[in-house]
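Enquirer: After the sequence you'll find the predicted model.
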Amino acid sequence: MKKKLAGLRAKRNGQRSELILERTASRLADALIYKRYEPYKRVSKSSSSRSFRAVYTEKSGCDYSVFLKDGRAGMIEVKSRQSRINKSAIDETQHHQLLDLKSLGHFAYVLIYISEEWILIDYLKFLDSERRSYTLEQLSLIGTRLKEEDGILVDLLENL
């Protein structure tokens, strides 16, 4: 039962984090931020409750594609944790997408909501450590704290 509640709590935290980024994106005039959805295939018809069964067709990759007015582009992977984040929170598909973007000169960030704070970290800085996990304090040394006001990350654009 505890595992089930912890999983539900983690899912809600993740949904909240993505909602904040989507609200922020809707307010930006100089950037386009698109949610990248999970690739799936229906395996049953819709029921009366409008739900259906589906299976994933592949790993989904990073959460958001970002295009800035100045011509830069890249991706952001959003993570939400209570007090510590493991490097392994980035799966293999996400890892390769972020590295490929960096190798082509684009930006690649991990946006982490941890201990009720937002931290934006360049992916190479996230990797560049012997650590297997980070606390908020450790993340603050390698990333940038962002301000959330009324459900909007007010300084996201200036930190990309």
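Expert: It's in.

Enquirer: Quick check: next helix or strand after the lowest-mean-pLDDT helix or strand in the chain?
Expert: Between all helices and strands in the chain, the lowest mean by mean pLDDT, DSSP states H and E belongs to strand 54-56, at a mean of 67. As assigned by DSSP states H and E, the chain's next helix or strand after strand 54-56 is strand 64-68.

Enquirer: Buried residues of that following strand, list them for me.
Expert: Buried residues in strand 64-68, counted by 16 or more other C-beta atoms under 10 Å: Tyr64, Ser65, Val66, Leu68. For the C-beta atoms, the positions are set from N, CA and C on the backbone; glycine is no exception.

Enquirer: and for it, what are the contacting residues?
Expert: Outside of strand 64-68, the residues within contact range by C-beta atoms under 8 Å, 6 or more residues apart in numbering are 21, 25, 30-36, 73-78, 107, 157, 160.

Enquirer: how far off strand 64-68 does the next helix or strand after it point, in degrees?
Expert: Using DSSP H and E, the next helix or strand after strand 64-68 towards the C-terminus is strand 73-81. Per axes from the mean of the first three to the mean of the last three C-alpha atoms, to 10 degrees, the angle that strand 73-81 makes with strand 64-68 is 140 degrees.
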